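Asks: I need the structure of the sequence given here:
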Amino acid sequence: MRPTRDLAQTPLFTQQTEHLSIVERTRLSYERAKIIGRAYALTVEDVLFLSPKFWNLHTDPIASIDGAAATLLTLQYNLCAGTLATYLPEQPGLAPLIQRVLDFDVSGQYCLTELGHGLDVIHLETTATLLPNGDFDLHTPLERAAKYMPPTSPVSPGFPCISIVFARTIVYGEDHGIKPFVFQLHDGHTMTSGVSVKLLPPRGGSKPINHSLTYFNHVRLPPTALLGSIHKPRDPRASFFAKIYRVAVGTIALSSLGIASLQVSAYIAARYSLRRHVVDANGVSKPIISFQTQKQPILTAIAQSFVLHEMHKQAVTWFMDSSLDSRVRHAVATVHKVAMVQTAQRANFALGDRCGAQGLFAVNQLPVMHSEMRGIAIAEGDLLGISIRLASELLLGRYALESPRYPDSPLAKHEEGMFAELRAVLALAPSHRSASYDREVLPRSLPLIQAIGHRIAYEVARDAQLDAPLLALFEIASMLQDEAWYVEQLGVTRAELREREASAIEAVFPRLEEYLARMDVAPYVIAPIVSEERWERFLGTLQAFGETYSAWNADVGIASGFLSNDVPMQMVSHRSVRSML
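Replies: Residues are numbered from 1 along each chain as shown. Okay, here's the model as predicted:
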């Protein structure tokens, strides 16, 4: 049982937050993150060796209630605690600080990306200059060198913030490469001397968090602030990527939230579609789940969540296999992220639409989860950027992923066909940096990596003996994302593809309740549209003006058939009702 199952039903998580100020909502997210972190009680060994408990934290459906808390948790435990734990054997003095981070007594942050340096962060411009007495002078020389995004501004008095800050280390005038430093940015209300932040406005649609621009004006740091050696590395590039290894961990860890997003979105849409009725031409009331237009996105998302759950387990196994080429392990992380995020985003968008106007409101979780996944798509390397890099390396033959286990499957043939097409382009291009490569290959890099992800997910789920109806629905849903290729290359017709999808949906539908129960996400659903009881309770919380529906319902009546119990009326004026009648 997840350690947050009961926690998700407490007032801390079930309360409505839409009426709160941004500051209050931000503070609430910190409180939620703290209590979730303490429920998991991760140890140094958990974050250093990536235990099952570590991965479980990143697939916990409680993230669907508060994505800001989920962001704070991965910053805290993966990036901050994980990095500190790496240096603990050589710097045992870090132990007390790591424990404070693990206990969530401080906010642990990770300042790497700069305003002017995203995917090219290896060219960051923040400097840490060694002084004659052994201290370091940390400085932001230009506006574009401001650390971008980490939530470093004070949010709650008495809740300090410490951060790992990456800077180009200058020793006696020589560049010794990018190195991490750790120190306290503020004590909960007062910034450390020389440190300043500018609070950014909230991201659109997401739970608010105190994302900031962070600046350093000749901040004096003691020698102990440096993590690792001061010596110049033999290979600065390799040294840098080794130091930011936890970013690669985050590529898998953070995108794992796509599973919970799929599960919770599908559950909400399913319960709403079972509850919501319409009257057909014969005057019979029936739930909208009976229509194929509702079944298709809901059942597809359910199937995808089960398949991707199996993929996640395999991806973690591969990523933690030290016998594999490190480039292959990073490639696995990239494929995992693309598959998870693209699938969750597409499903969430469709499911939100199928809930009509109800799907627009944050209280019903769907639009907020969609916005949170947009953030995950960019965090730890945006999908397109990491796909371009991986696609180019695979096309150039620098390394390869595992060969297809079922080469005759449609998804394996699709991947093979895409590789053939792009390799043909590469063979005619002057180089992989040419204009023709830019025009023909770069825009198709993301679809290529997505095709690899679909094939791997299908094969892993097939080997895990996942229910055949779920596997079949996942397969056809993946095929329909590049329908033209299958028509052109495999000779199937569009009608045949649609028939396959319809058959797969009809095989899954009778087991809907079973699959909803197996996902085990009901305790994490706070959306009022999933039941009449919750909806009525929600209506009682709304600010009212004038007479409410319950007060004059008997007088107005619904003899005309205009209103029904299936379409709850929140607040309608006498004048508007008269005009509609």
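Asks: could you show me where the strands are in the chain, in order?
Replies: For the chain, applying DSSP state E gives strands covering 107-111, 127-130, 136-139, 147-148, 161-171, 174-186, 195-199, 212-216, 219-221, 277-279, 285-287.
Asks: Mean neighbour count and mean pLDDT added to the ones you listed, as CSV?
Replies: All C-beta spots, glycine's among them, are computed from the backbone N, C-alpha and C. Formatted as CSV, those follow (neighbours: other Cβ atoms under 10 Å; pLDDT from 0 to 100):
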stretch, mean neighbour count, mean pLDDT
strand 107-111, 26, 98
strand 127-130, 20, 98
strand 136-139, 21, 98
strand 147-148, 22, 98
strand 161-171, 23, 98
strand 174-186, 20, 98
strand 195-199, 18, 97
strand 212-216, 23, 98
strand 219-221, 19, 98
strand 277-279, 15, 93
strand 285-287, 13, 95
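Asks: Tell me which of the ones you listed lies nearest to Ile244.
Replies: strand 161-171 (7.5 Å; Cβ to Cβ).
Asks: Could I get the strands of the chain in TSV, plus columns for distance to Glu533?
Replies: TSV is the format used below for these (distance: least, Cβ to Cβ, whole Å):
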stretch	distance to Glu533
strand 107-111	38
strand 127-130	58
strand 136-139	55
strand 147-148	44
strand 161-171	41
strand 174-186	44
strand 195-199	40
strand 212-216	41
strand 219-221	55
strand 277-279	16
strand 285-287	17
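Asks: nearest to Asp482, of those?
Replies: strand 285-287 (32.7 Å).
Asks: Now do that closest one: everything it contacts.
Replies: 273-280, 566 (Cβ atoms under 8 Å, 6 or more residues apart in numbering).
Asks: Next up, the contacts around the most centrally placed residue in the chain.
Replies: Centroid-nearest residue in the chain, with Cα atoms, centre = their mean: Ile376, separated by 3.8 Å. Counting by Cβ under 8 Å, 6+ apart, Ile376 touches 254-255, 257-258, 341.
Asks: how about the nearest residue to it, chain neighbours excluded?
Replies: Leu254 (5.3 Å; Cβ to Cβ, 6 or more residues apart in numbering).
Asks: From Met340, how far off is the one you found?
Replies: 9 Å (Cβ to Cβ, to the nearest Å).
Asks: Ala457 and Val338 touch, don't they?
Replies: No. Using Cβ atoms under 8 Å, Ala457 makes no contact with Val338, being 10.8 Å away.
Asks: Tell me how far the residue lying closest to Arg203 once chain neighbours are set aside lies from Leu390.
Replies: Once flanking residues are discounted, Arg203 sits nearest to Gly375: 6.3 Å by Cβ to Cβ, 6+ apart. Distance, Gly375 to Leu390, using Cβ to Cβ: 21 Å.
Asks: more crowded one of those two?
Replies: Leu390 (25 against 20; other Cβ atoms under 10 Å).
Asks: is it true that the more buried one touches Ala331?
Replies: Yes. Taking Cβ under 8 Å as the definition, Leu390 is a contact partner of Ala331 at 5.5 Å.
Asks: which neighbours do the two share?
Replies: Joint contacts of Leu390 and Ala331 (Cβ under 8 Å, 6+ apart) do not exist.
Asks: mind exporting stretch 347-366 as PDB, just the C-alpha atoms?
Replies: Provided in PDB are the C-alpha atoms of stretch 347-366 (Å, rounded to 0.1, in the frame of the first residue of the first chain):
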ATOM      1  CA  ALA A 347      -4.700  11.500 -23.300                       C
ATOM      2  CA  ASN A 348      -5.200  14.300 -20.800                       C
ATOM      3  CA  PHE A 349      -6.100  16.700 -23.600                       C
ATOM      4  CA  ALA A 350      -8.700  14.300 -25.100                       C
ATOM      5  CA  LEU A 351     -10.100  13.300 -21.700                       C
ATOM      6  CA  GLY A 352     -10.500  17.000 -20.700                       C
ATOM      7  CA  ASP A 353     -12.500  17.600 -23.900                       C
ATOM      8  CA  ARG A 354     -14.700  14.600 -23.300                       C
ATOM      9  CA  CYS A 355     -15.700  16.100 -19.900                       C
ATOM     10  CA  GLY A 356     -17.000  19.200 -21.700                       C
ATOM     11  CA  ALA A 357     -17.200  22.500 -19.800                       C
ATOM     12  CA  GLN A 358     -16.500  20.500 -16.500                       C
ATOM     13  CA  GLY A 359     -13.100  19.600 -17.900                       C
ATOM     14  CA  LEU A 360     -12.100  23.300 -18.000                       C
ATOM     15  CA  PHE A 361     -12.100  23.800 -14.300                       C
ATOM     16  CA  ALA A 362      -9.100  23.300 -12.100                       C
ATOM     17  CA  VAL A 363     -11.100  21.900  -9.300                       C
ATOM     18  CA  ASN A 364     -11.700  18.800 -11.500                       C
ATOM     19  CA  GLN A 365      -7.900  18.200 -11.800                       C
ATOM     20  CA  LEU A 366      -7.800  17.500 -15.500                       C
END
